[in-house]
Each structure stands twice: as C-alpha cells, then as structure tokens.
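1. Fold the following and give me the result.
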Amino acid sequence: MPGIGLIGYGYWGPNLARAIAEVDAAALSAIADMSPAALERAGRRHPSARLLTDWRDLIADPAIDAVVISTPVSTHFDMALAALRAGKHVLVEKPITDNVFKASLLVEEAARRSLVLMVDHTFIYTGAVRKIKDLITDGSIGDVYCYDATRVNLGLLQKDVSVIWDLAVHDFAILDFLIEARPVAISASAAAFLPNSPETMAHLSIYFDDGAMAHLNVNWMSPVKIRQTLISGRQRMIIYDDMQNSEKIKVYDRGVDLAEGQDDDRERRVSYRMGEMWAPQISTKEALITEIEQFVHSIESAERPPSDGESGLRVVEMLAAATRSAALRGQPMELVDLRRAS
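-> Below you'll find the model as predicted:
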C-alpha cells in the first residue's frame, strides 16, 4: 500500500485528501500546507496524517511513496521536479505546469526514473466522459466531426490564470482523451472585463489533423452555470449536460446523409435522418475516487494512466497556443511551430 503525501490543503486539496483516505489501497500519510488554519482543518479530518508546514519535509519523508500536489500552478514545476528527483510518484493538479518547456522537463524526468507522472484532469474519470469514449471507440458515433462546448459560470475569478487556463483546460483534456486525431492549430479570442484581471471570457476554435473541429465558449461572467457539450459524428450525435442529475448523456440517431451519384441538385441528394434518442446508463462512481485508484494502480503495475504526463503536456501545448492566439486577436497558432519554439 503506497503512502501518499498531499501538498496543499486549500480549495481543492481537501477533496483530494478525502478521496485518498477513501481508497483502501492507499494511505494518506502526510499533509503539508503553509497555513496553520488549513493544517488545523486537515488534522481534524485526517488525524492519522502527519502535518507539515514545509512541503520539502514531506518529499524528504522516506515513508512517502507518492506525492499529490494541489497548489497554485506557478508552484507545480518546482514541487513536482523535487518529488520526482526524490524518487516519488507524482499526481499534480491541472494544469501540469504554466508553460510547455517545464511540462516537457517533468515528462522527461519521470520517464528517466520510471516513475508515474499523472495530472488531475478529473473529468476524464467521470462515468459520463468514459461512456462517451466507449461510444466513440465502438463506432456507435462514427467519425467525430465536431465538439462544441459551453462552460460558463459566475466566478471564480482567478488572479494567476485566465479563464482559458481555468475552464478551457477541462475541454482540452477531454478532447485529448476522446479523440484519436491530434490538434494542429488553435484560434482564440478573449477579453478581460475587469481592471488588472486576466481574461474573463474566451471563444476558442481547435482544428484537428483529420478535419474535425472543436469550439469552446468559456466565461467567468455568466449569470448561470452551464456545462453542455454537443458531439456530432458521422452516425449519431451526443448531448452531454454535466449539470443534469440523471441522463447526463443523450444519444441521438440523427444526421445528414448524402445519396450516391453525381447529381448537381443537392436538394435531391441530401436526406435528414431523424431517429430516436436514448440515454445510456453511466457509472455514478465519484471521479476523484476512480482517479486515485488509477494512480495507485499505475504505481503498482507501471501501467500508463489516461491522464499521464504526456497527456498533460499536450494540454499545456493547447493552452499556450490559445493564449498566444488570444494575444494576437485570434490569429491561428500552429501547434507544431509552438512545439519547435518551446
């Protein structure tokens, strides 16, 4: 049973600590945070965990086999690199780092030491997203044409990252998990509506090497919370609404078919398929529990997790491209060029 140490007990850290404690195959051995108040809360909820004010002491503890990092993104690189160099497996909150070069260094370090490097892209461990993956993999949807997502809410405004790094990161991770094709270019338009603030809203377009396209609408200044995604395929279409308590996924047997032949009259060649809708059964297991179980399994078996370091690196490449495009008012950024520059 691996002993796991958690660095950071602020916003997301308590959720990770609870999930670690609930997984029978793992032990929450230590928690580190600079805040005495945070450590006091952690001690009440996890009395068996060692409490530390310096994360370096946690990494140096020989009883710790793996480190989970839940701190601001600007600190991820130094903490993760120190943990890897100390021979610890690492699970780091999304995004893995704040730039491509640092992410690539972590991936190289983990590979060199044969350690698990995993990113907390929680959505790909939800029952809904995994069911969509199954529907795409088994051919039920057909070739994926389009992924169109709206991810908006009021707040939480961040000081250190823009809405692209806070919200679009989820869809980048989901796209990397669902679609075999790879993005080749990204265009983004963004705006900041508050003084001395990062961008609070953005529209992004992602172009894939097989002709598929994704469009993302992310916003911190919406009066309502919306989490809805349309996935259009050659055979069927999916509506994924994460705000629904039941029927989060609805599959529609609908689409457009073109008849064979060379007739120039398109109206005579096009037919619209209006089939039934069904809502497949999905697992209700908490995504964080599944994620921690995957982390432990990967440590024990050396099996590559779905959200491994390389996946995290690809997500950061997309974030960097989108940020650069937004700074240039929507100019498309080629990911190959960005990768070479990094």
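2. what ranges do the strands span in the stretch 201-342 of the chain?
-> Remark: strands assigned in the stretch 201-342 of the chain by DSSP state E, counting those that start in this stretch are 201-208, 213-219, 221-233, 237-241, 249-258, 270-278, 333-334.
3. Throw those strands into JSON lines and include mean pLDDT and distance to Tyr11, thanks.
-> Using the backbone N, CA and C atoms, a C-beta is placed for each residue, glycine as well. Formatted as JSON lines, the strands of the stretch 201-342 of the chain follow (pLDDT from 0 to 100; distance: least, Cβ to Cβ, whole Å):
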{"stretch": "strand 201-208", "mean pLDDT": "98", "distance to Tyr11": "22"}
{"stretch": "strand 213-219", "mean pLDDT": "98", "distance to Tyr11": "19"}
{"stretch": "strand 221-233", "mean pLDDT": "97", "distance to Tyr11": "17"}
{"stretch": "strand 237-241", "mean pLDDT": "98", "distance to Tyr11": "25"}
{"stretch": "strand 249-258", "mean pLDDT": "90", "distance to Tyr11": "28"}
{"stretch": "strand 270-278", "mean pLDDT": "87", "distance to Tyr11": "37"}
{"stretch": "strand 333-334", "mean pLDDT": "96", "distance to Tyr11": "30"}
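4. do you know which of these lies nearest Ala49?
-> For the strands of the stretch 201-342 of the chain, the distance to Ala49 is smallest for strand 221-233, at 32.7 Å, taking Cβ to Cβ.
5. Make TSV from the strands of the stretch 201-342 of the chain and add mean neighbour count and distance to Val23 to it.
-> What follows is those, written out as TSV (neighbours: other Cβ atoms under 10 Å; distance: least, Cβ to Cβ, whole Å):
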stretch	mean neighbour count	distance to Val23
strand 201-208	20	34
strand 213-219	21	31
strand 221-233	16	26
strand 237-241	20	27
strand 249-258	15	26
strand 270-278	11	33
strand 333-334	18	39
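6. wouldn't Ile179 be in contact with Val144 here?
-> Yes - taking Cβ atoms under 8 Å as the definition, Ile179 is a contact partner of Val144 at 5.8 Å.
7. Now for those two: what residues contact both?
-> 136, 212 (Cβ atoms under 8 Å, 6 or more residues apart in numbering).
8. if you count what's nearby, which of those two comes out ahead?
-> Val144 (23 against 19; other Cβ atoms under 10 Å).
9. gap between the more buried one and Leu175?
-> Computed as Cβ to Cβ, to the nearest Å, the Val144 to Leu175 distance reads 10 Å.
10. Now the nearest residue in space to Arg113 that is not next to it in sequence: which helix or strand?
-> The shortest distance from Arg113 to any non-neighbouring residue, by Cβ to Cβ, 6 or more residues apart in numbering, is to Leu84 (6.1 Å). Per DSSP states H and E, Leu84 falls inside helix 73-85.
11. Now the next helix or strand after that helix: average pLDDT?
-> The helix or strand immediately downstream of helix 73-85 is strand 89-93, counting by DSSP H and E. Throughout strand 89-93, pLDDT has a mean value of 98.
12. What helices and strands are in contact with the next helix or strand after strand 89-93?
-> For strand 89-93, the following helix or strand on the C-terminal side (DSSP H and E) is helix 100-113. Identification of packing neighbours for helix 100-113 by 3 or more Cβ pairs under 8 Å, 6 or more residues apart in numbering; DSSP states H and E yields helix 73-85, strand 117-120, helix 309-327.
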